[in-house]
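> how would this look folded up:
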Amino acid sequence: MPQEHTPVADGDAEVMASIDGPASSPSYIIADISCDDAWVSVQATDAPVLAEWC
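Now for the predicted structure:
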């Protein structure tokens, strides 16, 4: 897996998260929609839980 990244200026990123995929195997996706190919995904069952939001 490549470890390359492109820094962006503060305030330029538009980051969103979503659960997507089939109900039997959903994925948690985080993407910067202001930049092409700037996303990461993990199986929803492996995604961390933010206790403050529960």
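> could you use CA atoms for every contact and neighbour count after this?
Fine.
> tell me, how many residues neighbour the residue lying closest to residue 33 once chain neighbours are set aside?
In space, and not counting its chain neighbours, residue 33 is closest to residue 14: 5.6 Å by Cα to Cα, 6 or more residues apart in numbering. Residues near residue 14, counting by other Cα atoms under 10 Å, number 10.
> could you do residue 51 as well?
6.
> how about the contacts made by it?
Residues in contact with residue 51 (Cα atoms under 8 Å, 6 or more residues apart in numbering): none are found.
> what about the protein, any weak spots by pLDDT?
1-3, 6, 8, 10, 52, 54 (pLDDT under 70).
> what are the boundaries of the strands in it?
For the chain, the strands defined by DSSP state E cover 15-20, 27-32, 39-43.
> single out the most deeply packed of the ones you listed.
Ranked by mean neighbour count, those are led by strand 27-32 with a mean of 18 (mean count of other Cα atoms under 10 Å).
> residue 47 and residue 28 touch, don't they?
Yes: look at residue 47 against residue 28 with Cα atoms under 8 Å: they come within range, at 6.8 Å.
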